[in-house]
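> The sequence and its predicted three-dimensional model are supplied below.
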Amino acid sequence: MSFKHLFPYATDRQKEILSQIELSKSVRAAARALGTNESSLRSSLERLKKRAALQGISPEHGMTKAVPDGFVVKGISSLYNAEGALVGQWVKSKSDDSKAIETIKEFVEDLAQNAKGKSPAIAPPSHTSKDLLCVYPMGDPHVGMYAWKDETGADFDTEIAERLLCSAIQRLVNAAPPADTAIILPLGDYFHADDSTSKTPNSGNALDTDTRWAKVMQAGLRAMIYCVKAALAKHRNVIVRIVKGNHDSHSSFALALAVDAYFSNNKRVSVDLNPAPMWYFKFGRVLLGSTHGDTVKLTDLPSIMAFDKAQEWGQTAHRYWYLGHVHHTAVREFPGVVVEQFRTLAARDAWHAGQGYRAGRDMCLIVHHRDHGEIERHRCDIGQLSTS
C-alpha cells in the first residue's frame, strides 16, 4: 500500500507511521514494529486522511486535486463514463471556516503527542506563601508581527518578540514574592496571525507578518515554555490560561494544547483548556475574570461576572477583570469590580503607527493577598529590555 499522497499533510510522527505501514504491509504489523497499539495508529491515520481530504486529496473517493493553503474543499463534482471511469471533475473551494475547526484541532492534538512529557524535572522552591497569588498578565504579545523602525518608530519581529517575553518574565519573576501559586495569563493575540494567510480570521484584514507561520508557532511555544519554567523556579504551582484574541482564535488553542502536552509530566503545572471566552479564578476573597476585550463592552463586564459566578461573587470582596486588545493602559472602577486593560511589549505595526497610536510598552506582575486583594505590583518597561 502507498501513502505518497498523504505525506505532504503529515506530521513527522505521522510520516514515520506511514513509512512503517508501507514497510510492514499492514497497520497491525506497523504497530508492533513501532511499539504502540493498533487503534492509536488507525486513529492517527484517520485524522491525517481527514486533513488531506479538506485540501482536496482523497484518491479512494476520486479526489486528486489539492486546493491552495488557507482554503478547504467546498464540494466535488465528478463525471464518470458508462464504464464507471472518471473522465472529469470540478473542485469547489472556500476559505477555511468553522466546519474545518474540529479536524484542525485533531491535527494539532496529533502534533502535540510528540511533545508529551518533555518537561525536565524542576525542583520546587523551598518556601512559598499560600496567602499570596502572583498574576503575570501579558498584553497582546503579537508574536510573528513585523515592524520597520523607519516606518513605525521601532523594529519588531519574531526573534525580538521571543526575546522580550523571556526577558520581561525573568525580571518580573525575580521581583516577585514567593507566592505559592502563579498565573501566566496572555490576554489574547499571543500570535499576530492565526495562519499562513496573514489575515485576521474574522474581518480578513491584511497583517504585517514576519517569516514563516510554522516558525512563528515554534518561537511562540519556546517563549511560553520559558515563561512557565521561570515561574516554576519561584512558585510551587503555575496555572496557564491562554486567552484567545481576534488575531489568534485557533492558534491560541493550539499553543495551549502544546504547552499542556509539554508539561503533562509536571504536576505543578496546570493548563486551562476551557474554550469559553470568559475565564474566572477565585483565590480566597479575590475573584479574577479575564477575556480579550474585543467581543464585549467594558460596562457589561461587572454584570457578566455577577451572573456567571453568582456564588463566587457573594463569597468575595475584591473583584478584577483583566483585558488586552487596546494596547494601552485603562482602568475603570465599577461598583464591586475593577476593570483593567493592559499594554503590550510589541511595537506598533504600520497601520497603528499611521492611526496615531502612541501608547507605552510594558509588562506587569500583580500580587494578590487572599484576604486583601491586590497588595503590590511590579512593572517591567520596554526600556529595561534589550531589543537587539
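Structure received. Numbering: from 1, shown residues only.
> where in the stretch 101-250 of the chain is pLDDT low?
Scanning the stretch 101-250 of the chain for pLDDT under 70 picks out the ranges 101-116.
> quick one: the helices in it?
Remark: helices assigned in the stretch 101-250 of the chain by DSSP state H, counting those that start in this stretch are 101-112, 149-152, 158-175, 213-234.
> nearest to residue 194, of those helices?
In terms of C-beta to C-beta, the element of the helices of the stretch 101-250 of the chain nearest to residue 194 is helix 213-234, at 8.9 Å. (C-beta placed from N, C-alpha, C; glycine too.)
> just to revisit the earlier point, can you redo the helices of the stretch 101-250 of the chain as TSV with mean neighbour count and distance to residue 278?
Compiled in TSV, the helices of the stretch 101-250 of the chain are given as follows (neighbours: other C-beta atoms under 10 Å; distance: least, C-beta to C-beta, whole Å):
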stretch	mean neighbour count	distance to residue 278
helix 101-112	17	20
helix 149-152	13	33
helix 158-175	21	24
helix 213-234	20	21
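> out of those helices, nearest to residue 43?
Here helix 101-112 is closest among these (C-beta to C-beta), at 8.5 Å.
> who touches stretch 373-380?
Outside stretch 373-380, the residues within contact range by C-beta atoms under 8 Å, 6 or more residues apart in numbering are 168, 171-172, 175-177, 285-286, 317-318, 320, 362-369.
> re earlier: redo the helices of the stretch 101-250 of the chain as a markdown table? Include distance to residue 130.
Formatted as a markdown table, these follow (distance: least, C-beta to C-beta, whole Å):
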| stretch | distance to residue 130 |
| --- | --- |
| helix 101-112 | 32 |
| helix 149-152 | 45 |
| helix 158-175 | 18 |
| helix 213-234 | 14 |
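> Out of those, the one nearest residue 253 is which?
Closest among these, using C-beta to C-beta: helix 101-112, at 7.0 Å.
> So what would you say the end-to-end distance of stretch 50-58 is?
Counting by C-alpha to C-alpha, to the nearest Å, you get 9 Å between the two ends of stretch 50-58.
> in the stretch 251-388 of the chain, what spans have low per-residue confidence?
Filtered on pLDDT under 70, the stretch 251-388 of the chain yields the residue ranges 388.
> Tell me where it has strands.
For the stretch 251-388 of the chain, the strands defined by DSSP state E, counting those that start in this stretch cover 269-272, 279-283, 286-290, 318-323, 330-334, 337-341, 362-369, 373-381.
> Which one of the ones you listed lies nearest to residue 210?
Comparing the strands of the stretch 251-388 of the chain by C-beta to C-beta, strand 362-369 comes nearest, at 20.3 Å.
> For the closest one, name the packing helices and strands.
Where contact means 3 or more C-beta pairs under 8 Å, 6 or more residues apart in numbering; DSSP states H and E, strand 362-369 is packed against strand 129-138, helix 158-175, strand 373-381.
> May I see the buried residues of the first one?
Taking 16 or more other C-beta atoms under 10 Å as the basis for neighbour counts, the residues of strand 129-138 that come out buried are 132, 133, 134, 135, 136, 137, 138.
> Tell me the pLDDT of residue 60.
We note a pLDDT of 70 for residue 60 in this prediction.
> so it sits in a helix?
Yes - under DSSP: H, G, I helix; E, B strand; the rest coil, residue 60 falls within a helix.
> and it, how many neighbours does it have?
Other residues near residue 60 come to 8 when the count uses other C-beta atoms under 10 Å.
> And residue 39, by the same measure?
The burial count for residue 39: 10, using other C-beta under 10 Å.
> and it, what does it touch?
Not one residue lies near residue 39 by C-beta under 8 Å, 6+ apart.
> Could you verify that it is part of a helix?
Yes - under three-state DSSP, residue 39 sits within a helix.
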